[in-house]
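In: Here you go, sequence then predicted model.
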Amino acid sequence: MIESIEFKNFKVLKDAKLSLGPFTLIVGANGSGKSTALQAIRMVREFNQYSYSMVAHVEAFAETKPAVEVGLQWGSPYNLFLKIKWESSGIPTPTWGSENGTPFMVKAQAECNRFRVYALDPRSLPQPVQLTPNLEFSAEEPSLAGFLDRLRDSEPERFEALNEELGRLLPEFDRILFETPKAGHRSFSLRTRNGHHRIPAIDLSQGTLLALALLAIAYQPSPPPLIGLEEPDRGIHPRLLRQVRDALYRLSYPDSFGESREPVQVIATTQSPYFLDEFSDHPEEIVIAEKTGLEAKFSRLMDHPHLEEILEGTSSLGEVWYTGVLGGVPARS
């Protein structure tokens, strides 16, 4: 598991450290570094596609053009680090270091190539998909229909479990159905619980599509070792946010859901006090992102010096955060 990510001159993260656990929820205002942290994770597997000018902090161009660095620190049993450095001249370079030799380093390199960051786009989710072998739910292109179709054929029990969870998250519907709009392509619809009417994907609400996509991510049979999710609560009714949280917990804590696989490290972002409330019993999972001037920082909620005093007598962590006393809310620069 990655214990932390350190940033030097990386966009708005001029000098910041993000501590991570099995599940981490980053809460903060627009421009506070939440999406930037997820971008860094995406860049780990494709760092050579980004030039210095694409990753450098805005002040770097007015100063001496210092190096930009993103460093990942793995915990036990790996005990290794990866540092990616961009300089104003030359190509980006990765540096690995390990206390345990190369075996874990090779495994970590393979894991980095499987990291996935999802910024779900409801416009792409309903699109028909050309079927290909071993189709995954992609973070970069439309693939939801193809992934669900493959899951039905290759993991029927898991597909049925997804359908059951769909009925709990979206009670209006009871089943995913499929169509073949043209040869070699697949599209999907949802069947209404009352009347068993087919609602084509293109006619579903954005919130419904986003909820289904989250379930697809949570029910992957072989999920990646790390998943980043930008605002997984977006478009979801507040009454359904507990199910959204549990879908993400299914990835990070598989034992609690009867799954025998390796846990997935999940990093999610939000600016919703309602979603934050779902984690009131787990403050250790929450990181506050805050921007002052041109620089953003991260802090663990558990490290707030007056946390117990602030939370005493309230049942709503989201409401407390919304007031601004915990930081991470919009402010004048």
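Out: Sure thing, it's come through. Residues are numbered from 1 along each chain as shown.
In: can you give me the strands in the stretch 151-300 of the chain?
Out: For the stretch 151-300 of the chain, applying DSSP state E, counting those that start in this stretch gives strands covering 173-179, 185-192, 198-200, 226-229, 265-270, 286-292, 295-300.
In: out of those strands, nearest to residue 114?
Out: strand 226-229 (7.9 Å; C-beta to C-beta). Bear in mind the C-beta positions are built from the backbone N, C-alpha and C, glycine included.
In: Which strands or helices does the helix or strand of the chain with the lowest mean pLDDT pack on?
Out: Of all the helices and strands that make up the chain, helix 307-311 has the lowest average by mean pLDDT, DSSP states H and E, namely a mean of 82. Helices and strands touching helix 307-311, by 3 or more C-beta pairs under 8 Å, 6 or more residues apart in numbering; DSSP states H and E, are helix 317-323.
In: and the gap between the most far-flung residue of the chain relative to its centre and residue 163?
Out: No residue in the chain sits farther from the centre than residue 195, which is 35.8 Å out by C-alpha atoms, centre = their mean. To residue 163, residue 195 is 18 Å away according to C-beta to C-beta, to the nearest Å.
In: Three-state assignment for residue 103, please.
Out: helix (DSSP: H, G, I helix; E, B strand; the rest coil).
In: What separation do you get for it and residue 80?
Out: Taken as C-beta to C-beta, the span from residue 103 to residue 80 is 10 Å.
In: related to what we said a few turns ago, indicate which one of the strands of the stretch 151-300 of the chain is closest to residue 53.
Out: strand 295-300 (19.0 Å).
In: doesn't residue 23 make contact with residue 1?
Out: No. Residue 1 is beyond contact range of residue 23, at 10.7 Å (criterion: C-beta atoms under 8 Å).
In: While we're on residue 104, how confident is the model there?
Out: Listed pLDDT for residue 104 reads 82.
In: Would you agree it is in contact with residue 77?
Out: Yes. Taking C-beta under 8 Å as the definition, residue 104 is a contact partner of residue 77 at 7.0 Å.
In: So which of these two has more stuff around it?
Out: residue 104 (17 against 9; other C-beta atoms under 10 Å).
In: From residue 203, how far off is that one?
Out: Taking C-beta to C-beta, one finds residue 104 at 49 Å from residue 203.
In: Repeat that for residue 162.
Out: The value you get for residue 162 to residue 203, if C-beta to C-beta is used, is 21 Å.
In: So if I had to pick from the two, which one is more boxed in?
Out: Between residue 162 and residue 203, counted using other C-beta under 10 Å, residue 162 has the larger neighbour count: 21 against 11.
In: Who are the contact partners of the more buried one?
Out: By C-beta atoms under 8 Å, 6 or more residues apart in numbering, the residues touching residue 162 are 148, 151, 176, 215, 216, 219.
In: how much space is there between residue 278 and residue 245?
Out: On the measure of C-beta to C-beta, residue 278 and residue 245 end up 4 Å apart.
In: In the stretch 1-150 of the chain, where is pLDDT below threshold?
Out: 60-63, 99-102 (pLDDT under 70).
In: Settle this for me: residue 231 is touching residue 269, isn't it.
Out: Yes. Assessed by C-beta under 8 Å, residue 231 is found in contact with residue 269 at 5.7 Å.
In: Same drill for these two, tell me which one is more crowded.
Out: Set residue 231 next to residue 269 and count neighbours by other C-beta under 10 Å: residue 269 wins out with 26 against 18.
In: Would you map the helices across the stretch 151-300 of the chain?
Out: With helices called from DSSP state H, counting those that start in this stretch, the stretch 151-300 of the chain shows them at 156-169, 206-218, 241-252, 273-277.
In: Kindly format the C-alpha coordinates of the third one as PDB.
Out: So the one you mean is helix 241-252. Extracted in PDB, the C-alpha atoms of helix 241-252 (Å, rounded to 0.1, in the frame of the first residue of the first chain):
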ATOM      1  CA  LEU A 241     -24.800   8.300  -0.500                       C
ATOM      2  CA  ARG A 242     -24.400   5.500   2.100                       C
ATOM      3  CA  GLN A 243     -24.700   3.000  -0.700                       C
ATOM      4  CA  VAL A 244     -22.100   4.900  -2.700                       C
ATOM      5  CA  ARG A 245     -19.800   4.800   0.300                       C
ATOM      6  CA  ASP A 246     -20.300   1.100   0.700                       C
ATOM      7  CA  ALA A 247     -19.600   0.500  -3.000                       C
ATOM      8  CA  LEU A 248     -16.200   2.100  -2.500                       C
ATOM      9  CA  TYR A 249     -15.600   0.300   0.700                       C
ATOM     10  CA  ARG A 250     -16.200  -3.000  -1.200                       C
ATOM     11  CA  LEU A 251     -13.000  -2.200  -3.000                       C
ATOM     12  CA  SER A 252     -10.900  -1.300   0.000                       C
END
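In: What are the contacting residues of it?
Out: Helix 241-252 has contacts (C-beta under 8 Å, 6+ apart) with 22-23, 165, 168-169, 211, 214-215, 217-219, 223, 227, 229, 232-233, 236, 256-257, 259, 263-266, 268, 272, 274-275, 277-279.
In: That helix: which residues count as buried?
Out: Neighbour-count burial for helix 241-252, counted by 16 or more other C-beta atoms under 10 Å, picks out 241, 243, 244, 245, 246, 247, 248, 249, 250, 251, 252.
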